[in-house]
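Colleague: A predicted structure for the sequence below; I have some questions about it.
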Amino acid sequence: MSLRLLISRPLRTNIGSITQSPCWRRPPFLIPSKLIVPSSYSGFRNYARLPPFQHHQHHPSTSPPSTPSPPPPKPSPFEESNPDDAYLLSYDSLNESSPKPAYAVFLVRFILASVAMSAIFLYSSIFAVLAAYDHSPYLSSIMRSSPAPVTATLLAANVLLFGLKRGVPALTPALVRFGYLRLDILSATHRISTRLSPALSIFLSSFSHRNFPHILLNGVAFYSFGSYIEVLDGWPTLLILAAASISGSAIGSLVLQRAHAPSIGASGVCMGFLSYLAMRQPDMDLSIMFIPFIRLSIGMGTLGMTAWSVYGVARTWISRGTVSNMLDHGGHLGGLIMGYGVYKWQHGNEKPVRRRNINPYPYSF
C-alpha cells in the first residue's frame, strides 16, 4: 500500500479572553495534540483537570486540591512530531492583503501549470535517456545491465531528495517549501504561486516524502510496478505514465477533495502504475506488501483501492470539509484515472496481454 499523506495543521487559539471572562464556567473540550495552550495559563490547565462536579466549587482565591495530575495521553504514531512541521508556516504568516482571483481562473491556471510541468519533465527525461544511451558509453553500459534503469533512476531521485532534506539541515527549509503541495494555501489565496507555496511544488510534491516509513512504502510500490511496466512496454511508456500521473494526482488533490491540507508523496504515480497494469495484464497476481503469502488479482486490488479512494473523497464532501483524511484520496483517485487514460490512449481496443504472451525484454538497446 502506498501513501500520499495529508498533513493536518494543529489548531492554535488564544484562550486568554475566555478565561478572564466573568461568565465563563468551564473550559472547552481539550484535545492534547490539537489545542495548544499558552504556558502562562497554568491556572487554567489545573482547573481543566478538576472533575466536572468540582468546577462550580472552585474559586480563584482558593487553590485546587493537590491531587497528582494524570500523565498526558501518548500520541498515536501518525501524530508524532516531524522536523518538517517547523517549516510548514500557516496562512496567517503570509500577510496576503490583495484580492484573490476567481476560483475558475485559479483552477485553469493550476491545471495548465500542472500539465506544463509534467510535459517539461517528460520531454527532458526522454532527451536525457537518449543522450545517455548515445553519447555516454559508461552510462549506456550501466543502463544496459539493468532490466529497469529508468525506474531505478526515478526512485533514486526520490531517495536523494529525502536524504538531502534529512541529512543537510541547510537545505531542509527549501526542500520542505518546494516539496509540500500546500492545498490549504492554494485554496485560501487562489494563487498557484506564493511565498509559502511555490508553483514548482505542484510537481516536486510527487518526488518528496515526509518520513522514512512513507518513502519505504512508496518506494517498494514504485519500483515493483514501474519496473514491470518498463520491462513490459519500455521506458517511453513508463515516462508518459509517470508524467500523466503526476499531473493527475495534483489536480485530483485540489479538485476532488473539499478538506485541503498540505499533501506530499509519490503514491499518485504508484496508483497510475497500478491501474495501467490492471488494464494491460488483468490476470496478474498481487501480494500485499510485507505479507507475501496473501495474494489477490490485480483487478480486485485496483477495484479495492478505487473504492477506498472514492469513500475518502465522499467523506470530506459529506462532512462539508469538517472531516479530513490522513491520506490524500483525491491524489490517489487522480492517479488511477490517469493510468486508465494512458492505457486507453496507447492501446485502445487491443486485447489485454496475458501472462503467456509476455516478452520479458520488449526493448533492446
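Modeller: Now that the structure is in, tell me what you want to look at. Note that the structure is a prediction, hence the values are computed from the model and not measured.
Colleague: So which residues of the stretch 101-250 of the chain form helices?
Modeller: 103-135, 137-145, 149-167, 172-179, 183-189, 201-204, 212-233, 235-255 (DSSP state H, counting those that start in this stretch).
Colleague: need those in TSV with mean neighbour count, distance to I318 and mean pLDDT, can you?
Modeller: Quick note: C-beta positions are derived from backbone N, CA and C, even for glycine. Conversion of the helices of the stretch 101-250 of the chain to TSV gives the following (neighbours: other Cβ atoms under 10 Å; distance: least, Cβ to Cβ, whole Å; pLDDT from 0 to 100):
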stretch	mean neighbour count	distance to I318	mean pLDDT
helix 103-135	15	21	92
helix 137-145	12	49	86
helix 149-167	17	34	94
helix 172-179	19	31	91
helix 183-189	21	18	86
helix 201-204	23	27	92
helix 212-233	20	27	92
helix 235-255	25	17	93
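Colleague: For the stretch 251-365 of the chain, which segments are assigned as strands?
Modeller: Counting by DSSP state E, counting those that start in this stretch, the stretch 251-365 of the chain has strands at residues 262-264, 285-288, 291-297.
Colleague: so what does the last one touch, helix or strand wise?
Modeller: Under the contact criterion of 3 or more Cβ pairs under 8 Å, 6 or more residues apart in numbering; DSSP states H and E, the helices and strands touching strand 291-297 comprise strand 285-288.
Colleague: switch the cut-off to 10 Å
Modeller: The contact analysis (3 or more Cβ pairs under 10 Å, 6 or more residues apart in numbering; DSSP states H and E) places strand 291-297 against strand 285-288, helix 298-318.
Colleague: ok, now how distant is the residue nearest to S206 when sequence neighbours are not counted from P236?
Modeller: Distances taken as Cβ to Cβ, 6 or more residues apart in numbering put I246 closest to S206, at 4.6 Å, once the chain neighbours are dropped. As for I246, its distance to P236 is 16 Å (criterion: Cβ to Cβ, to the nearest Å).
Colleague: next one: P282
Modeller: With Cβ to Cβ as the criterion, P282 and P236 are 23 Å apart.
Colleague: Look at D85 and say how many residues are nearby.
Modeller: For D85, the count of nearby residues is 13 (other Cβ atoms under 10 Å).
Colleague: and what of L200?
Modeller: Per other Cβ under 10 Å, the neighbour tally for L200 reads 14.
Colleague: Per-residue pLDDT of it, please?
Modeller: We have a pLDDT of 91 for L200.
Colleague: pretty sure it contacts F178?
Modeller: Yes - if you go by Cβ atoms under 10 Å, L200 and F178 touch, sitting 5.5 Å apart.
Colleague: Next one: the nearest residue to G341 once chain neighbours are set aside from L161, what distance?
Modeller: Setting aside the residues directly before and after it, G341 is nearest to A244 in space (Cβ to Cβ, 6+ apart), at 6.9 Å. According to Cβ to Cβ, A244 stands 21 Å off from L161.
Colleague: cool, and A243?
Modeller: According to Cβ to Cβ, A243 and L161 sit 18 Å apart.
Colleague: again, but for T237
Modeller: Counting by Cβ to Cβ, the gap from T237 to L161 is 24 Å.
Colleague: and what of P282?
Modeller: From P282 across to L161, the span is 34 Å (Cβ to Cβ).
Colleague: I251 now?
Modeller: For I251 relative to L161 (Cβ to Cβ), the value is 22 Å.
Colleague: before we move on, what about R191?
Modeller: Applying Cβ to Cβ to R191 and L161 gives a distance of 25 Å.
Colleague: Excluding chain neighbours, what is closest to L175?
Modeller: K165 (4.3 Å).
Colleague: isn't that neighbour right next to F207, touching?
Modeller: No - counting by Cβ under 10 Å, K165 stays clear of F207, with 11.1 Å between them.
Colleague: which neighbours do the two share?
Modeller: G179 (Cβ atoms under 10 Å, 6 or more residues apart in numbering).
Colleague: Let me know which of the helices of the stretch 101-250 of the chain is the nearest to P292.
Modeller: For these, proximity to P292 was assessed by Cβ to Cβ; helix 212-233 is nearest, at 11.6 Å.
Colleague: send the alpha carbons of that closest one over as CSV?
Modeller: Extracted in CSV, the C-alpha atoms of helix 212-233 (Å, rounded to 0.1, in the frame of the first residue of the first chain):
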residue,chain,number,x,y,z
PHE,A,212,11.2,7.0,6.4
PRO,A,213,8.2,4.7,6.5
HIS,A,214,6.5,6.9,3.9
ILE,A,215,9.3,6.6,1.4
LEU,A,216,9.8,2.9,2.2
LEU,A,217,6.2,2.0,1.3
ASN,A,218,6.0,4.3,-1.7
GLY,A,219,9.5,3.2,-2.9
VAL,A,220,8.6,-0.5,-2.8
ALA,A,221,5.4,0.0,-4.7
PHE,A,222,7.0,2.4,-7.2
TYR,A,223,9.8,0.0,-8.2
SER,A,224,7.6,-3.1,-8.1
PHE,A,225,5.0,-1.6,-10.6
GLY,A,226,7.4,0.7,-12.5
SER,A,227,10.0,-2.0,-13.3
TYR,A,228,7.3,-4.3,-14.5
ILE,A,229,5.9,-1.7,-16.9
GLU,A,230,9.3,-0.8,-18.1
VAL,A,231,10.1,-4.4,-19.0
LEU,A,232,6.7,-5.0,-20.5
ASP,A,233,6.2,-1.9,-22.6
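Colleague: Going forward, the N-terminal residue is numbered 38.
Modeller: Shifting the count to begin at 38 puts that one at helix 249-270.
Colleague: Okay, angle between it and helix 272-292 too, please.
Modeller: Orientation of helix 249-270 against helix 272-292 (axes from the mean of the first three to the mean of the last three Cα atoms, to 10 degrees) gives an angle of 140 degrees.
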